[in-house]
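>>> Structure of the sequence below:
(2 chains, ligands or ions: 2)
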Amino acid sequence: MNHQISTVSDAKALAAIQEDLRQTPPGDEASIADAARARRRRRRIQVQAARVAAVIVIVGGWQLFTALKVVDPFFFGQPTGIAHQLVDWVQNGTPYGSLWLQIEVTMKEALGGFVYGTLAGIVLGVLLGQVPFLADVLGPFIKVLNAVPRIVLGSIFVVWLGFGPTSKILLASVLVFFVVFFNAFQGVREVDRNLLANVRVLGASRSQVIRDVVLPSAVVWIIASLHVAFGFAIIGAIVGEFLGSQEGLGLLISYSQNHFLPDGIFTAMLIIAVIALTAEGLISQLEKRLLSWRPGTHVETAGL
Amino acid sequence: MTPISQTPTGAAREAAGALPAPHAATRAAGANEAQERSRIEIVGVTKRFVSPTGTAMTALRDVSFSVEPGQFCAVVGPTGCGKSTTLTMVAGLERPSAGVVRVGGQAVDGIADHMSFMFQSDALLPWKSVLQNVALGPRFRGVPKSEALAKAREWIRVVGLSGFEDHHPHQLSGGMRKRATLAASLISEPSILLMDEPFGALDVQTKAIMSNELLTLWERTRPSVLFITHDLEEAVALADRVVVMTAGPGTVKAVYDIDLPRPRGAVQEIRFEPRFLELHQQIWESLREEVERAYARTGRTTETRGGRQ
Ligand SMILES: Nc1ncnc2c1ncn2[C@@H]1O[C@H](COP(=O)(O)OP(=O)(O)OP(=O)(O)O)[C@@H](O)[C@H]1O
Ligand SMILES: [Mg+2]
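Residues are numbered from 1 along each chain as shown, chains lettered A, B, ... in the order given. Ligands and ions are numbered 1, 2, ... in the order given. This next block holds a predicted model:
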């Protein structure tokens, strides 16, 4: 009995070993590389499949439960309802004009805020990082401003600047500014003293030191902040529109809220998410290009 | 010993010989003036650092020695005795708390433009290619870009890094990075070359190769060299003068003139000559006390470096 079992398992083990041997590629490098590549491809496909499955489960479940009235589509919306809403807005326009106009307005506000806020953040961050006296003097003020709930500033900007895009751009820039500023400042302070001493001995002037050493080494920090900053720019634009405007995706959300149209809110959210993801992709591209000198980001050094 | 000359650096050395010596004419004309410019005098220099808590720490005390124009001067001393600090004061990066550093007869006041400094740790800009890094000095001093790059290519060839112009520092080995740094230091043809343990982190063979190359290049334009090292053999093999410093707060313990003939030839070979051994022994006696004192102070009893086994 025992003996028999052991022979069965021996046979199994032998089969497993033979199977392994068959799958083990011959020892030359090309086939090892091929095997590694195949393994990675297989893994990539598995990950993609799992992602698609997750989407199907979530969206399908949502549709199913709302269709069965387990949850009330009146409050929770419905995937098909969102699709209809999107088609409706594309074909017939929104209550405030064409959908493209709304997207354009919000994009302009967010981008404007992003650009101005980033520039201001970098300039002030580098300045304060370079001039310790200024940093000591202005430090507490900036900390206080940072502690203020800045979203509330949006109300003041609308009062000052009216319902046009300027107030939203300003709100978005303020939100972006603080994120970028703190990173730029920190980045400038972290510059390797050794590199600074080296270029100074090589004869660099103050502006050359900033251009060739301070900025490039702070870029690592600044770029990292841009990912978060664009999110803040969109929040600034949307909230600004919420607080008072004549067009834009934020206004669409506010309209849908007032008319109890959850599908409208979700549709606007979907559009915003697409915009944010696109921006994220672009920022990652920029990052790759600006930081191509860093070890590990080189494609050719990527091991198998 | 022979394998050394068969390495690619043998070719580099020939290249160095083949390189036109642009200074030859100017050197003949303003010889005296140029020479005087490269004299370094350190007179009664004391340096104190004040910590953030306000306590003062003396790093150097009453240091005096000088480097004659065109002389190769090595400084040895236990770790933490203030060797790097001395160099930063000669370069004008720091000011003495007392005493004066004179270069070319004038008190150092800020950064001079005829000095190069090879730092103890890597100081290549990681975001610039080797070519751009080597061209930095001329670029900062306003040489037109194409001219600076052409010159950089030339120096990259001299130090034997041809083919790596477009690599970034992190793609080079430690020895190659040192070569790039050497090219970046020499490209401006400084009349004073400050080197802070330039080859400290290299393996023995690479170090020997680099030392030979340094000597060859130095003999071409003869800048004054202030060369810090932990390695007494290196100091004796390369230098005309060896300054021994005491354990911190550092001060000059003794100055030895090295009368080994020049050109010295291969660094690996000279260390078997009787005169070398004699000098080494003599200086080591003096240095060992200080090294032991420095170690005793840190509570360690590790075997000291620099002695001959
Ligand atoms: N910027 C600084 N602030 C405070 N203390 C310093 C500073 N630079 C150096 N020191 C101190 O001065 C002393 C001498 O330092 P230095 O770097 O000159 O030593 P060193 O002889 O070069 O040592 P090593 O051989 O290890 O490089 C050390 O005790 C160090 O702590
Ligand atoms: Mg040092």
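
>>> just the helices in chain A please.
Residue ranges of the helices in chain A, as given by DSSP state H, are A:2-23, A:29-67, A:73-76, A:79-92, A:99-130, A:132-147, A:153-161, A:165-189, A:193-201, A:206-209, A:215-243, A:249-258, A:262-290.

>>> Quick one: list the elements packing against the second one.
Going back to what we said before, that points to helix A:29-67. helix A:73-76, helix A:79-92 (3 or more Cβ pairs under 8 Å, 6 or more residues apart in numbering or on different chains; DSSP states H and E). C-beta coordinates here come from the backbone N, C-alpha and C atoms, glycine included.

>>> Let me see the mean pLDDT of it.
The average pLDDT within helix A:29-67 is 92.

>>> What are the buried residues along that helix?
A:62, A:66 (16 or more other Cβ atoms under 10 Å in any protein chain shown).

>>> Any idea how far that helix is from the middle of the chain?
Helix A:29-67 sits 22 Å away from the centroid of its parent chain (Cα atoms, centre = their mean, to the nearest Å).

>>> the inter-axis angle of that helix versus helix A:79-92?
Using axes from the mean of the first three to the mean of the last three Cα atoms, to 10 degrees, the inter-axis angle of helix A:29-67 relative to helix A:79-92 is 90 degrees.

>>> What number of residues are in the vicinity of residue 271?
Chain wasn't specified; assuming chain A. 18 (other Cβ atoms under 10 Å in any protein chain shown).

>>> Actually, chain B is the one I wanted.
Neighbours of B:R271 (other Cβ under 10 Å): 16.

>>> Return the residues in contact with it.
Contacts for B:R271 were tallied using Cβ atoms under 8 Å, 6 or more residues apart in numbering or on different chains; they are B:233, B:236-237, B:277, B:280.

>>> make it 10 Å
Contact analysis of B:R271 by Cβ atoms under 10 Å, 6 or more residues apart in numbering or on different chains lists B:208, B:233-234, B:236-237, B:277, B:280, B:308.

>>> Repeat that for B:W155.
B:16, B:19, B:131, B:134-135, B:138, B:161, B:179-180, B:182-189, B:217.

>>> ok so, going back, mind picking the two most distant members of the contacts of B:R271?
B:A208 and B:L277 (17.6 Å; Cβ to Cβ).

>>> Settle it for me: which of these two has more neighbours?
B:A208 (21 against 13).

>>> Any regions of chain A where pLDDT drops low?
Within chain A, the segments meeting pLDDT under 70 span A:1-10, A:20-27, A:296-304.

>>> these two touch, right, A:Q257 and A:G264?
Yes. Applying Cβ atoms under 10 Å, one finds A:Q257 in contact with A:G264, separated by 8.2 Å.

>>> between those two, who's got more neighbours?
A:G264 (25 against 13).

>>> where's stretch B:102-112 relative to the chain centroid, distance-wise?
18 Å.

>>> Same check on stretch A:268-283?
That offset, for stretch A:268-283, works out to 8 Å (Cα atoms, centre = their mean).

>>> re earlier: now render the helices of chain A as CSV, adding distance to B:L60.
Formatted as CSV, the helices of chain A follow (distance: least, Cβ to Cβ, whole Å):
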stretch, distance to B:L60
helix A:2-23, 68
helix A:29-67, 57
helix A:73-76, 75
helix A:79-92, 74
helix A:99-130, 30
helix A:132-147, 26
helix A:153-161, 54
helix A:165-189, 28
helix A:193-201, 18
helix A:206-209, 27
helix A:215-243, 31
helix A:249-258, 65
helix A:262-290, 42
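
>>> Now do the strands in the stretch 1-150 of chain B.
All strands of the stretch 1-150 of chain B, identified by DSSP state E, counting those that start in this stretch, fall at B:40-50, B:56-67, B:72-76, B:98-103, B:106-107, B:115-118.

>>> which neighbours does the fifth one have in its sheet, and in what orientation?
If I follow you right, that is strand B:106-107. Sheet pairing of strand B:106-107 (DSSP bridges) gives strand B:98-103 (antiparallel).

>>> so where's the stretch 1-150 of chain B shaky on pLDDT?
Using pLDDT under 70, the flagged stretches of the stretch 1-150 of chain B are B:1-34.

>>> Name the residue of it that lies nearest to chain A.
B:A123 (3.7 Å; Cβ to the nearest Cβ).

>>> Around chain B, which positions in the stretch 201-304 of chain A sit nearby?
Counting by Cβ under 10 Å from any Cβ of the partner chain, the stretch 201-304 of chain A comes close to chain B at A:201-205, A:208-209, A:212-213, A:215-217, A:219-220, A:290-296, A:298, A:301.
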